[in-house]
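Novice: model the structure of this input:
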Amino acid sequence: MNDKIEDTHLPVTIEREETSFQGFRKVVTYDYREDESLLAAKREIVSGNISVAVVAYDPALESLVMIRQFRLGAQMGTGKGRTVEIPAGMVDDGDTPEDTARRELLEETGLIALSLKPLCQFLTTPGMTDEIVHLFYAQVDASNLKEEAGLASETEQTFPFTLTLEEALEAVDKNALYNGIVMLGLFWFARHRNNLINSSECTA
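Specialist: This is a model prediction of the structure:
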């Protein structure tokens with residue numbers, strides 16, 4: 001791989017760190033200085049989040065499993081708050097990303113991961129948050145997919161459905177979907193579909 005297109009470390013000095021807000025997410029204000037250029041700045045960062053997202057696929061049905069649920073941020077940004085997504089959620093203290101991927105898949109679709117494989121890790125919006133998402137592939141049996149799922153205790157209501165990869169990619173082409181995590185997951189799966197379905201490295 002060409003190391004010119006690889007993220008690298010830059011030494012910085014944190015001169016001040018203060019929690020500005022603590023709610024559903026924590027916001028931390030940093031005063032920092034880049035050690036080499038001496039460039040100084042202040043930034044507010046939504047901090048401390050590790051999340052997972054799961055591309056779920058049923059090879060027998062040749063179908064992806066996706067969900068619909070309401071997102072206030074989408075409603076405010078696009079007016080289209082009932083978004084199409086893949087199962088996702090934050091990692092709780094003491095859990096592993098793998099544990100969380102299995103739990104979120106079950107909670108949001110009602111399906112059990114027959115196999116689970118880590119794909120990649122990525123930042124969602126590095127200019128605003130240090131959140132890292134662990135992307136997984138899960139093989140599932142969607143023959144008895146529920147029409148509704150989600151945990152009421154988490155004010156979560158999801159509506160699972162199936163579609164082909166081609167239908168999902170067509171939706172991306174038409175900009176019918178705005179969720180970047182979904183797009184990345186679909187592109188990863190499209191690029192590696194055959195290897196993922198046939199891989200002996202998937203673990204139950």
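Novice: where do the domain boundaries of this protein fall?
Specialist: As given by automatic domain parsing, the domain ranges for the chain are 10-47, 50-198.
Novice: what's the average pLDDT for the last one?
Specialist: When the per-residue pLDDT values of domain 50-198 are averaged, the result is 95.
Novice: so how far is it off the chain centroid?
Specialist: In this view, domain 50-198 has its centroid 7 Å away from the chain centroid, taken as Cα atoms, centre = their mean, to the nearest Å.
Novice: try the shortest one
Specialist: When distances are taken as Cα atoms, centre = their mean, domain 10-47 is centred 24 Å away from the chain's centroid.
Novice: A helix includes Phe187, no?
Specialist: Yes. Counting by DSSP: H, G, I helix; E, B strand; the rest coil, Phe187 is located in a helix.
Novice: so how many other residues sit close to it?
Specialist: Neighbour count of Phe187, defined by other Cβ atoms under 10 Å: 12. (C-beta placed from N, C-alpha, C; glycine too.)
Novice: got the contact list for it?
Specialist: Contact analysis of Phe187 by Cβ atoms under 8 Å, 6 or more residues apart in numbering lists nothing.
Novice: follow-up on the earlier one: please identify the most buried of the domains of the chain.
Specialist: Of all those, domain 50-198 carries the top mean neighbour count, a mean of 16, counting by mean count of other Cβ atoms under 10 Å.
Novice: quick check, central residue of this structure?
Specialist: Nearest to the mean C-alpha position of the chain, by Cα atoms, centre = their mean, lies Ala53 at 3.6 Å.
Novice: ok, what's across the strand from it?
Specialist: Going by DSSP bridges, Ala53 is paired in beta bridges with Ala88, Leu135.
Novice: re earlier: looking at the domains of the chain, which is closest to Asn2?
Specialist: domain 50-198 (17.9 Å; Cβ to Cβ).
Novice: ok so, going back, the residue nearest to the centre of the chain contacts Ile86, correct?
Specialist: Yes. In this structure, Ala53 is within contact of Ile86 by Cβ atoms under 8 Å, at 5.5 Å.
Novice: need the overlap of contacts for the two.
Specialist: Joint contacts of Ala53 and Ile86 (Cβ under 8 Å, 6+ apart) are Ile181, Gly185.
Novice: OK, contacts around the closest residue to Ala40 other than its chain neighbours?
Specialist: Of all residues not flanking Ala40 in the chain, Arg33 sits nearest, at 4.5 Å (Cβ to Cβ, 6 or more residues apart in numbering). If a contact means Cβ under 8 Å, 6+ apart, then Arg33 has Val12, Thr13, Glu15, Leu39, Ala40 as its contacts.
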